[in-house]
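Asker: no sequence for this one, just the structure:
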């Protein structure tokens with residue numbers, strides 16, 4: 001595999017992202033088919049209404065194949081939210097997740113955000129370990145029943 005490149009998200013990436021999130025989380029965690037439509041709504045909102053100066057999405061790809069994504073969206077003037085962080089299984093363990101995370105956080109910092117937040121599930125252990133290793137703080141954790149399964153929902157934040 002060639003060295004992956006990070007490029008800006010394009011609207012034609014949306015169907016791939018919806019499919020990958022749906023397939024991956026159904027296979028890995030037993031999510032039902034309500035997860036894909038949530039991802040589709042997030043992407044539809046981003047495409048329709050994002051501020052290209054302060055909000056951005058990236059796609060990682062190599063050899064013409066998409067490998068992952070990450071998004072930085074505005075919560076308020078000083079806070080950005082990390083969204084839709086995903087790596088396909090065959091791209092994991094090569095530092096690509098760290099590159100995506102560093103790119104997203106660097107963008108947020110450069111655009112004047114002073115903090116970031118994210119929402120995830122405890123079962124996403126590799127991502128949570130990466131957040132902790134890069135200075136993110138777990139701020140809330142609670143059991144929920146979402147997407148047809150019992151999960152532990154987590155909120156994280158970091159000062160940039």
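Answerer: It's in. This is a predicted model, so every value here is computed, not measured.
Asker: rest of the way, CA atoms for contacts and neighbours
Answerer: Will do.
Asker: residue contacts, residue 143?
Answerer: When contacts are counted by Cα atoms under 8 Å, 6 or more residues apart in numbering, residue 143 is found next to 150, 151, 152, 153.
Asker: quick one: the strands in the chain?
Answerer: Applying DSSP state E to the chain gives strands spanning 5-8, 56-62, 65-74, 79-87, 115-121, 137-146, 149-159.
Asker: how about the last one: buried residues?
Answerer: In this case it means strand 149-159. Judged by neighbour count (16 or more other Cα atoms under 10 Å), strand 149-159 contains these buried residues: 151, 152, 153, 154, 155, 156, 157, 158.
Asker: The second one too?
Answerer: Taking 16+ other Cα under 10 Å as the basis for neighbour counts, the residues of strand 56-62 that come out buried are 56, 57, 58, 59, 60, 61.
Asker: Check those and tell me the two furthest apart.
Answerer: The distance between the two most remote of the buried residues of strand 56-62 (Cα to Cα) is 16.4 Å, for 56 and 61.
Asker: Is it possible to get a markdown table of the contacts of residue 143 that adds distance to residue 52 and pLDDT?
Answerer: Shown next, in a markdown table, are the contacts of residue 143 (distance: Cα to Cα, whole Å; pLDDT from 0 to 100):
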| residue | distance to residue 52 | pLDDT |
| --- | --- | --- |
| 150 | 36 | 90 |
| 151 | 33 | 89 |
| 152 | 33 | 91 |
| 153 | 29 | 93 |
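Asker: wait, doesn't residue 81 sit right on residue 116?
Answerer: Yes - contact criterion Cα atoms under 8 Å: residue 81 and residue 116 qualify, at 5.4 Å.
Asker: If you drop the residues flanking it in sequence, what lies closest to the residue nearest the centre of the chain?
Answerer: The chain has residue 85 as the residue nearest its centroid, 1.9 Å off, counting by Cα atoms, centre = their mean. Leaving aside its sequence neighbours, residue 85 sits nearest to residue 70 (Cα to Cα, 6 or more residues apart in numbering; 4.3 Å).
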